[in-house]
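1. Following is a predicted model, sequence given first.
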Amino acid sequence: MSESVKVFAPGSVSNVGCGFDILGFAIDGVGDEMVVSKNDKKKIVIAPVNGYENLPTDPKKNVAGVAIQALLDDLKSNQGFDVEIVKNIKPGSGIGSSAASAAGAVVAVNELLGNPYSRMELVDFAMKGEEVASGDVHADNAAPATLGGFCLIRGYNPLDVIHIQPPKDLWCVVIHPQIEIKTKESRELLSPEVSMKKAIRQWGNVAGLMSGLYTSNYELIGRSLEDHIVEPQRKVLIPEFDELKLSVMEAGALGCSISGSGPSVFALAEGKDSADVIATAMDTAYRKTELDYKIYVSKVSDGGVRVL
Ligand code: ADP
């Protein structure tokens, strides 16, 4: 059995318009790399993350450490591990930076221990890691980062994740304004009440989106990517959100909304050519702002963490 393993851990888009807190998908074009090695110290040692000196190295505070510990506790193992994280997804991006670390860590450790757990079982540990980042249990980034594709989190008691293969030609474009929005702060903006009228529209869209994904009906996917509840409350956090969304839709996007808790914004497209046109529209719209930003074009990933 090898003593060290390198993994690619993908970013992910959670909420996906209408699916607040229950839906996410993995994006292959952007992600972290991690090297995890066994050590003889019987403890988890996390190396300082280059470029992100304020990310915690305490294994009780870094999501990678907490996720690994959850797995080891379940196995009743005291094996130690060294963890190196090369971070390509800025924390607080809304594209699952912490979930990538949590998912990458548990897939790597599982591999080093001879794969005692299935990918689906690993989601639970990755999710426990995520808890230290957002203060609450959420699997809508951790599940797609671990499993790939779309993941519907039907419930938590017990964790019930439904994995959906993405339609073959489904692409996403993500713009990441280089400002940080903490998930915790973005949640505090949300009203705890939802009107029955809005809830009914949202249920219709979630069901439509699921049906569109299973039948590769791109037009239905697009029609269903509406969020009447969360997007209107959160969009104030994202500079020029309305203008950006308008140009993205005019450029032919199936739909467009906030990625996770922002500031990233995603659009879905049928095919790479359409995704490229949307990326150009995003660039043109955002060039007018004073902000730095990054744009990623990627097929919706059908695999999660990859062992390299
Ligand atoms: P994101 O959606 O980018 O993961 P969150 O606000 O959910 O954003 O998580 C970022 C928070 O998680 C930051 O406060 C960061 O310090 C903390 N964190 C702990 N470990 C990690 C890690 N390995 N990678 C990224 N963020 C981490």
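-> Sure, I can see it.

2. I'd like the average pLDDT over the biggest strand by length in the chain.
-> Counting by DSSP state E, the longest strand found in the chain is strand 23-39. Along strand 23-39, the predicted confidence averages to a pLDDT of 95.

3. Figure out how far that strand is from the centre of its chain.
-> Centre-to-centre, strand 23-39 and its host chain are 10 Å apart (CA atoms, centre = their mean, to the nearest Å).

4. swap in stretch 287-307?
-> How far stretch 287-307 lies from its chain's middle: 11 Å, per CA atoms, centre = their mean.

5. before we move on, what about stretch 180-197?
-> 18 Å.

6. which of the residues in it are buried?
-> Neighbour-count burial for stretch 180-197 flags 181, 183, 186, 187 (criterion: 16 or more other CB atoms under 10 Å). In this view, the C-beta of every residue, glycine as well, is placed from N, C-alpha and C.

7. Within reach of the ligand, which of those are there?
-> residue 183 (CB under 6 Å from any ligand atom).

8. remind me which residues of this protein are low pLDDT?
-> Residue ranges of the chain with pLDDT under 70: 1.

9. Contacts only, for the residue of it positioned farthest from its centre.
-> Computed with CA atoms, centre = their mean, the residue of the chain farthest from its C-alpha average is residue 40, at 32.8 Å. Contacts for residue 40 (CB atoms under 8 Å, 6 or more residues apart in numbering) come out as residue 80.

10. Quick check: phi and psi on it?
-> Recorded main-chain torsions at residue 40 are phi -100, psi 10, according to degrees, to the nearest 10.

11. Now do it against residue 75, distance only.
-> 18 Å (CB to CB, to the nearest Å).

12. for residue 67, same thing?
-> With distances taken as CB to CB, residue 67 is found 13 Å from residue 75.

13. same thing with residue 106?
-> Residue 106 is 11 Å from residue 75, by CB to CB.

14. who's more crowded, those two?
-> residue 106 (32 against 14; other CB atoms under 10 Å).

15. Report the buried residues of the longest strand of the chain.
-> Across strand 23-39, burial judged by 16+ other CB under 10 Å covers 23-38.

16. quick check, it touching the ligand?
-> No. In terms of CB under 6 Å from any ligand atom, no part of strand 23-39 sits within range of the ligand; the closest distance is 7.6 Å.

17. likewise stretch 259-267?
-> Yes. Using CB under 6 Å from any ligand atom, stretch 259-267 reaches the ligand at residue 260.

18. tell me which parts of the stretch 1-150 of the chain are close to the ligand?
-> 55-56, 62-64, 85, 91-94, 96-99, 101, 133-134.

19. go with 8 Å
-> Proximity of the stretch 1-150 of the chain to the ligand, by CB under 8 Å from any ligand atom, involves residues 14, 32, 46, 49, 52, 54-56, 61-65, 85, 87, 89-102, 129-130, 132-134, 141.

20. And the buried ones among those residues, selectable in PyMOL?
-> Buried members of those, defined by 16+ other CB under 10 Å, are picked up in PyMOL with:
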select buried, resi 14+32+46+49+55+56+62+63+64+65+85+87+89+90+91+92+93+94+95+96+97+98+99+100+101+102+129+130+132+133+134+141
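
21. List the contacts of residue 61.
-> By CB under 8 Å, 6+ apart, the neighbours of residue 61 are residue 132.

22. What distance do you get for it to residue 290?
-> Residue 61 is 33 Å from residue 290, where distance means CB to CB.

23. again with residue 120
-> Distance from residue 120 to residue 290, by CB to CB: 44 Å.

24. now do residue 59
-> 39 Å.

25. who has more neighbours, these two?
-> In this view residue 59 and residue 290 are compared by other CB under 10 Å, and residue 59 has more residues nearby, 20 against 5.

26. Before we go further, that one is sitting in a strand, right?
-> No. Looking at residue 59 with DSSP: H, G, I helix; E, B strand; the rest coil, it is coil, so not inside a strand.

27. Verify the stated contact: it with residue 72.
-> No. Residue 59 lies out of contact with residue 72 (CB atoms under 8 Å); the separation is 10.6 Å.
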